[in-house]
Every structure is written in structure tokens, then in C-alpha cells.
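S.K.: need a structure here:
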Amino acid sequence: MSVFAAERFDRIERLRSNAVENAGRYGRGAAEVVERSVRLELAAALGMTESAAGMLMAQAEALVRRFPDALASLGSARMTERHAQVLVELLDAARVEVRERLSARAVALAEELPVGSFRRALRRLVETEDSATLTERHAHALTLRRVLIEPATDGMAWLHALLPAVEAHAIHGRLTAMGKAITGRNAGVRDKTAGTGGSDAGAGDPGFSEDSRTLDQVRVDILGDLLIDGDTTTLTPEARGIRSTVSVTVPALALLAGDDTDRHARGLAPATVEGIGPIPLADAKVLCGGDPSWTRVLTHPETGMVLSVGRTQYRPPPQLRRLIAWRSERCMAPGCGVPASRCQIDHNIAWEHGGHTALNNHAPLCTGHHTVKHHGGWNIQHLDGGALLWTSPTGREYLVKPERHVPVFRPSAPSDGRDAPF
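M.R.: From the prediction side, this is the model:
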């Protein structure tokens, strides 16, 4: 499929460029008409809309003209068509000099990572290279914020809101926490009443709720209550006043920089928010000095970090759980994008089989992949540095690396005969 996609992109670009070249003798205006004509024929021949045909032409031109290495990789089946589309989308949105610097590295990442992981890694790479203008671009993007309605079928509609990523994820996180509080409480009520043996158990009890809603449905209902009524008095006590927490990772030296330009000159990585990506340094400084509910992680090594409690306890202590989640950032299953904050911290070597409660024996796995690991016939090997090697029931291997590296402290060779101080 990758080889066929590469050939298709090449032929589409040849069709477009030949038509434009032949139209050049008639002036610049004719070239635009010819491109539109090619787009129409492509749409008609492939049975797609002109908009989709236009996107196909743009991708073909980008791969042939600006990213030939990516096209060659696609043609050799070292990346998929979706990888190539993501590469074009993210690199074409960057400045020309950034695009040229990152093109080869982007191809290497595409050949190594699944699509979801590749998108996140390339976006982070672009933002890091282009961090000097992040504040300026974010300020411009803020002017585009809006709320709109997209009609759907059966009397339904989509309500879209374009807003800063930090706030969007915080809103979704709070809705999720409130939804889980409600569905969890109601499930508990049902389980309790189910054991009474009476078919009328709970009838007439004002606290009893036959709630069969899914978490998605409860989230939507809470959103409607909040936006229309403006309060949560109708919700259960467990669901009121919940605030989501977010991990903000800031290079320690970046906090000393005057602005984004200074940080870029120092070659420092931008501040990032778990599950979102880079944010302007000014916003990061506010978060790091503000609400104590925010979890702040400085990337400067700290020798006091908890790495293991051996077999003295089964459950990792809070500091170790935060470190495990921070290192991985996401579920450590191949291609999974679920944030680590919503995952279970799993023993690789099970506790009952002698496994230790330690950084090198733990990784975050979402509920679904945790189940697959234990009951799906997969074998998982925990490698140095926190990487997981997944071996499928068919024998294929998939290497998943954590997003970040934890500092490793080793004694240096002392010149005065004394031991190192750590």
C-alpha cells in the first residue's frame, strides 16, 4: 500500500506540473485555471470531492518538490501513507529554515514510530526548533478563538470551541473526573441494592439512581448543566468542586530566561504540558508559581528522587508514581496516546512472582492495554531506560520508548582518592 501511494503521489504531481507547464505560455492567470481543471478531473476520476482532490494534489507536490526523502521512504515501504501526510502537514506549517533542518530527522522518526507517536514526536520537535516564536504565534492564535455549531443528523449538533489547549484539556479533565464520580457512585448503589434479593430494592429511595449512562454521555450532560444552568447543585457531592491536575515540565534554566527569545538562544527545550505539548514560557512561569494543585516537574536532576521501595510494599508511593507517569507521559502500549495520568501503574514482573516496586519494573498502561497485556498472549520485557519491548502472539516485536529520560547518577573517578559525594 505504501509503494502504491508513493507511485500515486508521483503521478499526480507529474499530471499537475505538466499541465501547468503547458499552460504557462498563456500567462499566469491560465495556470490557475489549469490547476483547477486538473483538480476537477482528478476528483471526477477518483470519485471524490474537489476539496479532497486538492488536498491530494497539495500532498503530492509537497512530497515530490520539498520532501523527496520522505517520498523515497514511502516508496520503499519504510513509512505509511499516513506518516507521509502527517510529515507534510506539520513541516509545511513551520518556517522554511525549520522545515529544512528537520526534514531528515522527521523521515527517521516516521520510519521508527507508529503514526500517533510520530505525530506527537514531530510536533514536539518542530515546536522545540521554533520555540523562539512560540509566544508570538500563540498570541495570534488566541485571536482566532471561537465557538461554533455544526449541524448533525437526527436532531443533533456538534458544539465546537477553539480555545487554548491547556484550558481545553483542563475542561475535558474536569468533565471526566466529575463523570467518573457520578457513574462510579451510581454503580456502587446498584451493586449494593442488587444484593438485597428484592426486585423493588431501592424503590422510593430518593438517593437511588438507575443510571445506565456511559461516561461519554455523563460528560455531555454535565457540560450542558454547567453551560446552561451555571451550577452543579444537582450533582452528587462527589462530583462537585472537582479540579483536574496537570503536570507542567519546565527546564530549570528556562525559568531564569527573560523571554522565549533568550531561551531559544540558550538552546533550551520549551516548557510542555502533559498530553498537550509545548506552551509559551510566560504561561509556564504562571503555572509554576500559581495554584498548588498543579504538579510541577523540573528537568534538572534531583538526587532525592524515589526510584524503588523494593518489596517492602506493593503500591508505589506517590512520588514514584508521579515519576513513572512523568517519564512515560502516555500509555506504554504501541501507538497508544492515553495520557499517563489516566493509566494504571503496572508491575512488569508481577508482585506475586517476585517483582519489585521500582522505577525499572513499572510503566503506565491504560485499562484496555493492561487487560491485553495480561490476557492477550503478549510478552512484555522492561528494558533499561524505561522502554518496553512488546512481543505479539504472532512473534512480532514492537519497541516503545518513554517520552523522557530519568537522570542516572554514577560516581565519577575522583582525582584525590575520595569517593564521589553521591
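
S.K.: I figured residue 144 hits residue 162, correct?
M.R.: Yes: if you go by CB atoms under 8 Å, residue 144 and residue 162 touch, sitting 6.4 Å apart. Backbone N, C-alpha and C define where each C-beta goes, glycine included.

S.K.: Mind checking which of these two has more residues around it?
M.R.: Legend: neighbour count by other CB atoms under 10 Å for residue 144 and residue 162, higher for residue 162 (12 against 8).

S.K.: Give me the phi and psi for that one.
M.R.: Backbone geometry at residue 162, expressed as degrees, to the nearest 10, gives phi -100, psi 110.

S.K.: And residue 326, by the same measure?
M.R.: The phi and psi values for residue 326, taken as degrees, to the nearest 10, are phi -70, psi -40.

S.K.: how much space between it and residue 364?
M.R.: Distance of residue 326 to residue 364, computed by CB to CB, to the nearest Å: 10 Å.

S.K.: Now do the SS call for residue 23.
M.R.: helix (DSSP: H, G, I helix; E, B strand; the rest coil).

S.K.: got the contact list for it?
M.R.: By CB atoms under 8 Å, 6 or more residues apart in numbering, the contact set of residue 23 is 30-31, 33-34.

S.K.: Can you pull the poorly scored residue ranges out of the stretch 101-250 of the chain?
M.R.: 131-133, 185-211, 232, 234-235, 238-250 (pLDDT under 70).

S.K.: coming back round to it: give me the common contacts of residue 326 and residue 364.
M.R.: residue 340.

S.K.: out of the two, which sits in the busier spot?
M.R.: Between residue 326 and residue 364, residue 364 has the larger neighbour count (other CB under 10 Å), namely 28 against 21.

S.K.: could I get the helix or strand where the more buried one lies in PDB with only the CA atoms?
M.R.: Secondary structure assignment for residue 364, by DSSP states H and E: strand 362-365. Taking C-alpha atoms only, strand 362-365 is exported to PDB below (Å, rounded to 0.1, in the frame of the first residue of the first chain):
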ATOM      1  CA  HIS A 362       6.800  -0.200  36.300                       C
ATOM      2  CA  ALA A 363       5.100   1.500  33.400                       C
ATOM      3  CA  PRO A 364       1.700   3.200  32.900                       C
ATOM      4  CA  LEU A 365      -0.800   1.200  30.800                       C
END
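
S.K.: check contacts around the closest residue to residue 176 other than its chain neighbours.
M.R.: Using CB to CB, 6 or more residues apart in numbering and skipping residues adjacent in sequence, the residue nearest residue 176 is residue 219, 6.5 Å away. Contact analysis of residue 219 by CB under 8 Å, 6+ apart lists 172, 175-176, 178-179.

S.K.: Can you flag the buried ones in the contacts of residue 23?
M.R.: Burial by neighbour count, judged by 16 or more other CB atoms under 10 Å, picks out 31, 34 from these.

S.K.: ok, so of the contacts of residue 23, who is nearest residue 107?
M.R.: residue 31 (30.5 Å; CB to CB).

S.K.: distance of the closest one from residue 346?
M.R.: 58 Å.

S.K.: just residue 340 next, same as before
M.R.: If you measure residue 340 against residue 346 using CB to CB, the figure is 11 Å.

S.K.: who has more neighbours, these two?
M.R.: Ranked by neighbour count (other CB under 10 Å), residue 340 and residue 346 place residue 340 first, with 27 against 21.

S.K.: OK, contacts around that one?
M.R.: Contact partners of residue 340, counting by CB under 8 Å, 6+ apart, are 274, 324-326, 328-331, 364.

S.K.: about what we covered before: need the overlap of contacts for residue 340 and residue 346.
M.R.: Counting by CB under 8 Å, 6+ apart, the residues touching both residue 340 and residue 346 are residue 364.

S.K.: all helices for the chain, in order.
M.R.: For the chain, the helices defined by DSSP state H occupy 2-23, 28-46, 50-61, 68-75, 81-92, 96-112, 115-129, 134-142, 165-194, 215-228, 260-266, 281-288, 318-328, 367-375.

S.K.: can you put the ones you listed in a markdown table and add distance to residue 395?
M.R.: Shown next, in a markdown table, are the helices of the chain (distance: least, CB to CB, whole Å):
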| stretch | distance to residue 395 |
| --- | --- |
| helix 2-23 | 22 |
| helix 28-46 | 38 |
| helix 50-61 | 35 |
| helix 68-75 | 25 |
| helix 81-92 | 24 |
| helix 96-112 | 20 |
| helix 115-129 | 22 |
| helix 134-142 | 44 |
| helix 165-194 | 37 |
| helix 215-228 | 36 |
| helix 260-266 | 46 |
| helix 281-288 | 44 |
| helix 318-328 | 25 |
| helix 367-375 | 16 |
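
S.K.: for the ones you listed, which one sits closest to residue 152?
M.R.: helix 215-228 (13.1 Å).

S.K.: Who wins on neighbours among the contacts of residue 219?
M.R.: The contacts of residue 219, ranked by neighbours (other CB under 10 Å): first place residue 178, 26 neighbours.
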